[in-house]
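**Student:** Next input, structure requested:
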Amino acid sequence: MKRSILLWQVAGLTFATALGTLLHFIYDISGESLIFAPFSAVNESTFEHMKILFFPMLIFALAQFAFFRKDSPCFWRIKAVGTGIAVLSIPLLFYTLTGIFGKLPAFVNIGIFFLSAGLGYLYEGLQFKKRLAPCRCCALYFSLLLVTAILFILGTFFPPHIPLFLDPVTGTYGIQ
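**Tutor:** Next comes the predicted model:
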């Protein structure tokens with residue numbers, strides 16, 4: 001089981017970062033099609049980079065659940081916390097490093113994306129290796145992920161005018 005956990009987590013990391021990279025560009029490639037807007041980056045804001053990591057991690061979790069539900073009674077708790085760690089690491093690392101060094105080169109921003117995904121999947125892998133007591137709130141954690149997905153979609157179309165949603169390239173918010 002431990003070997004398969006490692007393989008699953010590496011597969012998840014690979015899937016999330018590959019799909020997240022595609023989602024970074026698909027909105028522009030599609031001619032700014034609104035079909036892709038809810039799940040892809042519509043600008044260069046920190047929020048949009050959080051979104052393009054969240055959705056691939058959620059998709060992978062849905063696929064992985066079919067294989068883990070019997071062996072991991074706390075699957076959705078582990079996934080919700082792991083996804084939260086990954087997604088929240090993006091602004092934490094970005095704003096910390098920007099505060100220390102000023103404007104960051106593109107390769108550092110890309111590294112933040114990959115490191116954040118890695119932190120989330122590392123947490124999950126460590127938790128899956130433990131024999132945890134059955135989780136009583138699995139539906140709550142799954143619901144939390146669904147509410148987060150809805151909030152990411154709403155934030156794309158109705159972004160608050162705060163720095164997290166500001167596109168540093170255009171100085172605008174959300175879809176143009």
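
**Student:** now for the lowest-mean-pLDDT helix or strand in the chain, which elements pack on it?
**Tutor:** Sorted by mean pLDDT, DSSP states H and E, the helices and strands of the chain end with helix 2-29, the least confident at a mean of 92. With contacts taken as 3 or more Cβ pairs under 8 Å, 6 or more residues apart in numbering; DSSP states H and E, helix 2-29 sits against helix 46-68, helix 106-129. Where you see a C-beta, it was placed from the backbone N, CA and C, and this is true even at glycine.

**Student:** quick one: it to helix 46-68, angle?
**Tutor:** Angle between the axes of helix 2-29 and helix 46-68 is 140 degrees (criterion: axes from the mean of the first three to the mean of the last three Cα atoms, to 10 degrees).

**Student:** How about helix 2-29, which residues are buried there?
**Tutor:** Neighbour-count burial for helix 2-29 flags 5, 8-9, 12-13, 15-17, 19-20, 23-24, 26-27 (criterion: 16 or more other Cβ atoms under 10 Å).

**Student:** same question, stretch 103-115
**Tutor:** 104, 109, 112-113.

**Student:** Could you dump those residues into a markdown table and include pLDDT and distance to Y141?
**Tutor:** Formatted as a markdown table, those follow (pLDDT from 0 to 100; distance: Cβ to Cβ, whole Å):
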| residue | pLDDT | distance to Y141 |
| --- | --- | --- |
| L104 | 93 | 33 |
| N109 | 94 | 30 |
| I112 | 97 | 26 |
| F113 | 97 | 24 |
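
**Student:** The residues you listed: which two are farthest apart?
**Tutor:** The span of those, defined through Cβ to Cβ, is set by L104 and F113 at 11.9 Å.

**Student:** was I right about L19 contacting P56?
**Tutor:** Yes: the criterion here is Cβ atoms under 8 Å, and L19 meets it with P56 at 3.9 Å.

**Student:** Compute the number of surrounding residues for T96.
**Tutor:** Residue neighbour count, defined by other Cβ atoms under 10 Å, stands at 11 for T96.

**Student:** Now it: phi and psi?
**Tutor:** phi -70, psi -50 (degrees, to the nearest 10).

**Student:** The one 4 residues further on too?
**Tutor:** Backbone geometry at I100, expressed as degrees, to the nearest 10, gives phi -80, psi -50.

**Student:** can you check N43 too?
**Tutor:** Per degrees, to the nearest 10, the backbone of N43 is at phi -160, psi -170.
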